[in-house]
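**Student:** Return atomic coordinates for the entry below.
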Amino acid sequence: MPKVLVPIAEGFEEIEALAIVDILRRAEIEVVLAGLHPGPVTSARKISVLPDATIDSVSSDGFDMIVLPGGQPGTDNLNNDPRIHRLLADFQASGKLIGAICAAPIILAAAGLLSGRRATSYPSYSTKLDGAVYEDRTVVTDGNIMTSQGPGTTIAFALAIVSRLSGEYVSEAVTKSMLVHESHDRDVWDQRLFNSTIQALVGALEMKDTYTQGHAKRVTEYSLSIGSKLSLGETELRDLYLGAVLHDIGKIGTDDDVLNKPDRLNLREETLVREHPLKGTLFIVGIENLSHIVPVILHHHERWDGKGYPGRLKGEQIPLHARIVCIADAFDAMMTNRSYREGLDKESAILEITKEKGTQFDPFLVDVFIECLNDSPFEMKDFSYYF
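**Tutor:** Got it, this is the predicted structure:
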């Protein structure tokens with residue numbers, strides 16, 4: 001049974017703390033409410049709650065996730081307590097899930113957990129997230145970090161947590177039993193038409209660059225295999241799909257003679273090609289339902305050692321989806337024939353990817369990707385029908 005820690009401090013937001021506890025327990029997830037001090041804790045609206053434990057009596061061991069409710073002065077009281085920051089560091093070091101809602105994402109920012117990550121918060125705190133890529137969405141998940149906007153989004157947030165910890169089936173069962181209507185993240189839109197539009201954009205790029213024919217599809221399949229192995233939720237898999245299939249869309253703005261040059265590129269031409277993440281970002285950033293995948297397009301050529309481009313981000317500063325696409329993109333490129341070289345066979349490409357663990361690529365994700373290849377030795381599963 002998953003186990004979640006929910007710290008609360010004087011002045012916490014009642015709905016955010018108690019609805020999360022309620023919904024997680026409905027899903028048979030064990031939840032421990034922990035106060036900063038012994039005795040009852042008074043909420044922002046003067047409701048007294050007796051926690052299950054105190055912060056001093058718990059540790060990250062045995063818990064799968066920590067969730068910080070918002071409210072004021074509750075958020076500031078949590079943020080000013082070094083024990084909370086120690087717990088966050090422990091959860092992060094162990095790769096465990098970390099959640100925050102409303103004002104509480106500023107605590108994650110203060111702990112250095114949001115740099116380069118996609119996140120959301122109560123709108124008035126969006127400028128206090130220190131390096132995060134703010135998204136005006138109900139729930140935002142980036143790797144092990146889950147954030148939400150406020151009291152009115154608590155149910156959607158809690159159900160997203162249930163989905164992540166116990167699976168989509170359990171989340172759907174709780175949703176049905178509570179008579180919860182579809183969340184705002186499933187706004188009315190024609191998914192078939194949307195996906196067809198995406199495929200048309202990729203098709204236009206493939207007509208321009210013969211190398212990319214089939215490349216976007218293969219990179220997407222590899223990326224979604226990794227995402228599936230990481231048990232990413234449905235919404236996050238959809239976003240990974242979009243980022244992967246459109247990762248090279250900026251090449252539409254690169255000259256044909258450079259893209260299709262029959263031999264190696266010179267320095268000037270290589271510089272032009274390296275502009276494609278920026279061009280892709282400019283192409284996508286203003287499009288509704290796509291702007292949130294900008295970090296994948298912009299940063300899929302960053303390196304784990306900080307020597308990539310265009311931002312020279314390092315390690316977990318690189319958004320999770322961009323790290324995934326980086327591996328999938330490189331692997332497919334290694335196996336593809338070019339006019340100036342032959343592609344590698346699968347075993348040689350795996351060896352090259354393995355050599356770059358911890359330098360070019362996230363070492364953990366490389367291991368996950370190799371597991372995916374071993375699971376599907378002949379053909380990667382096409383996940384696009386999910387979308």
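**Student:** in the helix or strand where R238 lies, what's buried?
**Tutor:** Assignment of secondary structure by DSSP states H and E places R238 within helix 234-245. By 16 or more other Cβ atoms under 10 Å, the buried positions in helix 234-245 come out as T235, E236, L237, R238, D239, L240, Y241, L242, G243, A244, V245. Heads up, the C-betas are built off the backbone N, CA and C, glycines and all.
**Student:** The stretch 101-250 of the chain: helices as residue ranges?
**Tutor:** Secondary structure of the stretch 101-250 of the chain by DSSP state H, counting those that start in this stretch: the helices cover 105-110, 154-166, 168-177, 191-208, 215-229, 234-245.
**Student:** ok, now which ones touch the residue nearest in space to the middle of the chain?
**Tutor:** In the chain, the residue lying closest to the centroid (Cα atoms, centre = their mean) is D142, at 2.3 Å. With contact taken as Cβ atoms under 8 Å, 6 or more residues apart in numbering, D142 is in contact with R117, R118, A119, P319, L320, H321.
**Student:** wait, isn't the fifth one in contact with G143?
**Tutor:** Same thing as L320. Yes. Using Cβ atoms under 8 Å, L320 makes contact with G143 at a distance of 3.8 Å.
**Student:** Pick out whichever of those two has more residues nearby.
**Tutor:** Of the pair L320 and G143, L320 is the one with more neighbours under other Cβ atoms under 10 Å, namely 26 against 20.
**Student:** Could you list the low-pLDDT ranges of this structure?
**Tutor:** Applying pLDDT under 70 to the chain flags the ranges 182-197, 199-201, 203-213, 253-262, 286, 288-289, 338-341, 376-387.
**Student:** 80 instead?
**Tutor:** 181-214, 234, 252-273, 285-291, 337-341, 376-387 (pLDDT under 80).
**Student:** Which parts of it are strands?
**Tutor:** 3-8, 30-35, 41-42, 48-49, 53-54, 65-68, 97-101, 118-119, 133-134, 139-142, 145-148 (DSSP state E).
**Student:** can you tell me which of those comes nearest to L365?
**Tutor:** strand 139-142 (14.1 Å; Cβ to Cβ).
**Student:** any idea of the angle the helix holding R238 forms with helix 154-166?
**Tutor:** Put simply, helix 234-245 runs at 80 degrees to helix 154-166, going by axes from the mean of the first three to the mean of the last three Cα atoms, to 10 degrees.
**Student:** who's in contact with stretch 278-295?
**Tutor:** Contacts for stretch 278-295 (Cβ under 8 Å, 6+ apart): 116, 118, 133, 135, 137, 140, 189, 194, 239, 242-243, 246-254, 297-298, 310, 319, 321-322.
**Student:** my guess is L232 contacts S225, does it?
**Tutor:** No. Shown here, L232 and S225 do not form a contact pair, counting by Cβ under 8 Å, at 11.2 Å.
**Student:** and stretch 94-112, how far apart are its ends?
**Tutor:** Start to finish, the residues bounding stretch 94-112 are 15 Å apart (Cα to Cα, to the nearest Å).
**Student:** can you give me the offset of that stretch from its chain's centre?
**Tutor:** Distance, stretch centre to chain centre, for stretch 94-112: 14 Å (Cα atoms, centre = their mean, to the nearest Å).
**Student:** Neighbours of the residue lying closest to V245 once chain neighbours are set aside, how many?
**Tutor:** Nearest non-adjacent residue to V245, counting by Cβ to Cβ, 6 or more residues apart in numbering: T220, 4.6 Å away. Using other Cβ under 10 Å, the number of residues around T220 comes to 27.
**Student:** now the contacts of stretch 278-295: which count as buried?
**Tutor:** The buried subset of the contacts of stretch 278-295 - by 16+ other Cβ under 10 Å - is 116, 118, 133, 135, 137, 140, 239, 242-243, 246-252, 254, 297-298, 319, 321-322.
**Student:** Give me the nearest residue to I198, chain neighbours excluded.
**Tutor:** Nearest to I198 is V245, by Cβ to Cβ, 6+ apart, at 5.9 Å.
**Student:** now D136
**Tutor:** In space, D136 is closest to T120, 6.8 Å off (Cβ to Cβ, 6+ apart).
**Student:** for G74, same thing?
**Tutor:** Nearest non-adjacent residue to G74 (Cβ to Cβ, 6+ apart): F12, at 3.5 Å.
**Student:** So the one you found sits against Q72, correct?
**Tutor:** No. Contact criterion Cβ under 8 Å: F12 and Q72 do not qualify, at 9.1 Å.
**Student:** give the contact list for the residue lying closest to V32 once chain neighbours are set aside.
**Tutor:** Excluding the flanking residues, the one nearest V32 by Cβ to Cβ, 6+ apart is D52, at 4.9 Å. Applying Cβ under 8 Å, 6+ apart to D52 gives the contacts V32, L33, A34.
**Student:** Tell me the bridge partners for the last one.
**Tutor:** Right, A34. P7, A53 (DSSP bridges).
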